[in-house]
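Undergrad: compute the structure for the input listed below.
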Amino acid sequence: MPTTESQSVAMPMSSMSPIVQAQLDAAWNAGARAAATPTPFPSPADWRDKPIYFLLVDRFNNPQAPPRIAPWDGAQGVFQGGTFNGIREQLDYLAELGAGAIWLSPVLKNCQYSPYSYHGYGIQDFLQVEPRFASDPEAARLNPRLAEEELRALVDEAHARGLYVIFDIVLNHAGDVFEYLRQDDGSGAGEAGWRDDPYPIRWRDADGSGRPDWTTAPADPAPDAAVWPAELRRDEFFRRQGMGGELGGDFASLKELVTGFRQDDPVSGLRYPVRTALIRAYQYAIARYDVDGFRIDTLKYIEPEFATVFGNAMREYAQGIGKANFFTFGEVYDDEEKIARFIGRNASEDGDLIGVDAALDFPLFFALPGVAKGRVPPVAAVEVFEHRKQVQRGILSSHGEASRFFVTFLDNHDQAERFTFSPDDDPDRYRDQLTLAAGCLFALQGIPCLYYGTEQGLHGRGGDTAVREALWGKPGAFDRSGQTYEAIARLAQVRREQPALRYGRQYFRPVSGDGVHFGISTMAPGVLAFSRILNEQEVVVVANTDAGSSWAGELIVDLALNPAGAAYHPLYSNKAAGEGGAAPGPVVQKDAGQVVIGEVGGGVTGGPARVLPVRLAPMEVLILGRS
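TA: Below you'll find the predicted structure:
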């Protein structure tokens, strides 16, 4: 395995000479760094072993100063002051919570003249690090190496604790790097409505002003002006047609790149220069920062073939330097059919490339929070996975069946409200909703992802800025003794201890209140039950989403694995001692004709069957294992 970064930057020479030179320069300086862990850091054997913790760099922690604007949990749309070193300070906190990987919001340099791009998605330089995330932003502006070294130190220290690091990256757009010229009065604007032909534009200088003499891309702007690297600095590489939605166009003031731009170059051999520039830039990020995976923002807004090429390029580059299982997952904020167009490869189609490994699990997100809160019947979650089997049947990824590596979640930074609801008169009233939902999240198929602050009860609502609180401003922000923190840490431990919860086949289980009629709950609230089976091990998960009533009944378990009289015991309950966690009764034999079972696929059978009697308190989730 390579032991220095110098081996991680070898790549064919092309017209990308500034990027290649930057890689070699970074490798030379990094090669002298003493490291307690191997570099490049090897990939995990299986990403399902690594629950993900997603945080916004600007909103997580700054040990040097409080949040810049009060209140810390207000809907703030500017920089609050979170830093790379602030994250470093809390790595033990994250490890003890049970995180296996940290997903960082974009860390590359945004437009320095904009106070609003605290989220990181408005990149101005795809090769530099955002200086405002450094411990001394002003010094980092003068010396970009300071931010780079602090980011690399964060990654190295995470690796030393066995934590992996995922960068959030952007392929669809850059920041607000030029303005649209208003033809009526000659003024400029960052946003414009869609039109069929490109607008006249003026590229922005280092202060953010549209230069009258920059109506075409400047050849040699200042580092904070226009866009970098130089390989992206051409007018035709940007759409320049305003906001157009999914079919093309900007995201508000974030300018869309034309990733499908084609121009055969007989000298360099380049066919898609924008794609090549982005691929090289993000390969450099792997080399420079030893990152372990990428979450790809707005993936559905690029061409599906570019998603394939990009995912394959990242994987093969990482494999070549010793990261054999680099992980990519995309944001496809849509349904199963759209997701299937952007991940892996359809086994029935020609081609050798296998693209992006997985996706954020939006279809499950559209169902699970409502199920967990008792607003939506459990059958809605079951239907997500049943439909997925059909849509994803022919999709292959480098990890195997792509859907088994979907990144599951309850909320994130793009939602109008967090999952947690906390009324002022009784802040803990709905804690059981969260711990029940987390129990399902950590046990269902996929890689669970927790949004930062969930473990500390953050409950913002009212728009996306409201769910992006400055966590470290909260009194006791990193308390490890709180009930929610401890519940999530325990769930992560159970997941580590039970291989079936990570790798097992998943079967949704019909339930019965009368011991005769079994089916999937079609009423809200209801009971969600499923098993994860690995070899001869079955782990059963059952959740009562009724906040007011307990539930006693039976659920189907595997006939071959569970002899009559077999005993299960609780591995986890989200209820306090004495309130829940009751041991189930022994497995019961039901002979043919004794039961009527409404199967998940829609058929009806009459047994024989084996069932497990269970008792659940209101809003209780139980994870059960065989004795």
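Undergrad: thought F530 was touching L444?
TA: Yes: between F530 and L444 there is a contact under Cβ atoms under 8 Å: 7.3 Å. The way it works is simple: take the backbone N, C-alpha and C, and place the C-beta from them, glycine included.
Undergrad: joint contacts of those two?
TA: Common neighbours of F530 and L444, using Cβ atoms under 8 Å, 6 or more residues apart in numbering, are Q506, V541.
Undergrad: any low-confidence regions in this protein?
TA: By pLDDT under 70, the weakly predicted segments of the chain are 1-36, 347-348.
Undergrad: which other residues reach whatever helix or strand L364 lives in?
TA: Element membership of L364, judged by DSSP states H and E, is helix 362-365. By Cβ under 8 Å, 6+ apart, the residues outside helix 362-365 that reach it are 332-336, 339, 381, 384-385, 387-388, 406, 408-410, 444, 446.
Undergrad: following that helix, which helix or strand comes up?
TA: Criterion used, DSSP H and E; the element after helix 362-365 is helix 368-372.
Undergrad: which strands and helices sit next to that following helix?
TA: helix 379-391, helix 431-443 (3 or more Cβ pairs under 8 Å, 6 or more residues apart in numbering; DSSP states H and E).
Undergrad: I87: which of these is closest?
TA: Closest to I87 of these is helix 431-443 (Cβ to Cβ; 22.1 Å).
Undergrad: that closest one - contacts with which helices or strands?
TA: Packing partners of helix 431-443 (3+ Cβ pairs under 8 Å, 6+ apart): helix 368-372, strand 447-451, helix 483-497, strand 527-534, strand 537-544, strand 621-626.
Undergrad: run the chain-centre distance for that helix.
TA: Distance of helix 431-443 from its chain centroid, counting by Cα atoms, centre = their mean, to the nearest Å, is 18 Å.
Undergrad: return the distance of stretch 115-123 from the chain's centre.
TA: The answer for stretch 115-123 is 18 Å, by Cα atoms, centre = their mean.
Undergrad: can you tell me the distance between the two ends of stretch 521-535?
TA: Stretch 521-535 has an end-to-end distance of 27 Å (Cα to Cα, to the nearest Å).
Undergrad: which residues does the spatially closest residue to E256 that is not a sequence neighbour contact?
TA: Nearest non-adjacent residue to E256, counting by Cβ to Cβ, 6 or more residues apart in numbering: R239, 4.2 Å away. The neighbours of R239, taking Cβ under 8 Å, 6+ apart as the test, are P198, G248, G249, D250, K255, E256, L257, V258.
Undergrad: what's the answer for P273, then?
TA: Counting by Cβ under 8 Å, 6+ apart, P273 has contacts S15, E231, R234, F237, F261, Q263, D265.
Undergrad: ok, and the most crowded of the residues you listed?
TA: E231 (23 neighbours; other Cβ atoms under 10 Å).
Undergrad: quick one: it and A277 touch, right?
TA: Yes: E231 is in contact with A277 according to Cβ under 8 Å; the separation is 4.1 Å.
Undergrad: so what's Q76 closest to, chain neighbours aside?
TA: Ranked by Cβ to Cβ, 6+ apart and with sequence neighbours excluded, the top spatial neighbour of Q76 is I69, at 5.2 Å.
Undergrad: where's the one you found relative to A470, distance?
TA: 8 Å (Cβ to Cβ, to the nearest Å).
Undergrad: just say helix, strand or coil for A140.
TA: Under DSSP: H, G, I helix; E, B strand; the rest coil, the three-state class of A140 is helix.
Undergrad: that one: how many residues sit nearby?
TA: That count, for A140 with other Cβ under 10 Å as the rule, works out to 23.
Undergrad: hmm, Q128 and it touching each other?
TA: No: counting by Cβ under 8 Å, A140 sits too far from Q128 to count as a contact (9.9 Å).
Undergrad: mutual contacts of these two, please.
TA: In contact with both A140 and Q128: A147, using Cβ under 8 Å, 6+ apart.
Undergrad: per the record, what domains does the chain have?
TA: 50-171+261-499, 173-258, 503-626 (automatic domain parsing).
Undergrad: return the most buried member of those.
TA: With neighbours taken as mean count of other Cβ atoms under 10 Å, the domains of the chain reach their highest mean count in domain 50-171+261-499, at a mean of 20.
Undergrad: on that earlier part again, tell me the one among the contacts of P273 nearest to G162.
TA: E231 (36.7 Å).
Undergrad: wait, a helix at the closest one?
TA: Yes: using three-state DSSP, the assignment for E231 is a helix.
Undergrad: gap between it and N110?
TA: Counting by Cβ to Cβ, the gap from E231 to N110 is 19 Å.
Undergrad: what does D168 give?
TA: Separation of D168 from N110 (Cβ to Cβ): 13 Å.
Undergrad: find residues that contact each of the two.
TA: G120.
Undergrad: residue contacts, D168?
TA: Per Cβ under 8 Å, 6+ apart, neighbours of D168: W103, L104, S105, P106, V107, G120, F294, R295, D297.
Undergrad: swap in F237?
TA: Taking Cβ under 8 Å, 6+ apart as the criterion, F237 is in contact with L257, V258, F261, P273, V274.
Undergrad: which of these sit farthest apart?
TA: The widest separation within these (Cβ to Cβ) is 10.7 Å, between L257 and P273.
Undergrad: how about the helices and strands packed on helix 431-443, which one is nearest F508?
TA: For F508, the closest of the helices and strands packed on helix 431-443 is strand 527-534, at 4.7 Å, according to Cβ to Cβ.
Undergrad: any idea how far the closest one is from the chain center?
TA: Using Cα atoms, centre = their mean, the offset of strand 527-534 from its chain centre is 24 Å.
Undergrad: now for it, which elements pack on it?
TA: Applying 3+ Cβ pairs under 8 Å, 6+ apart, we find strand 527-534 packed against helix 431-443, helix 499-503, strand 505-508, strand 537-544, strand 551-557.
Undergrad: just the CA coordinates of the fourth one, formatted as PDB?
TA: Just to be clear, that refers to strand 537-544. In PDB, the C-alpha atoms belonging to strand 537-544 read as follows (Å, rounded to 0.1, in the frame of the first residue of the first chain):
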ATOM      1  CA  GLN A 537     -29.400 -15.200  12.000                       C
ATOM      2  CA  GLU A 538     -32.700 -13.300  12.100                       C
ATOM      3  CA  VAL A 539     -33.000 -10.000  13.900                       C
ATOM      4  CA  VAL A 540     -36.500  -8.700  14.200                       C
ATOM      5  CA  VAL A 541     -37.500  -5.000  14.400                       C
ATOM      6  CA  VAL A 542     -41.000  -3.900  15.400                       C
ATOM      7  CA  ALA A 543     -42.300  -0.400  16.000                       C
ATOM      8  CA  ASN A 544     -45.600   0.800  17.400                       C
END
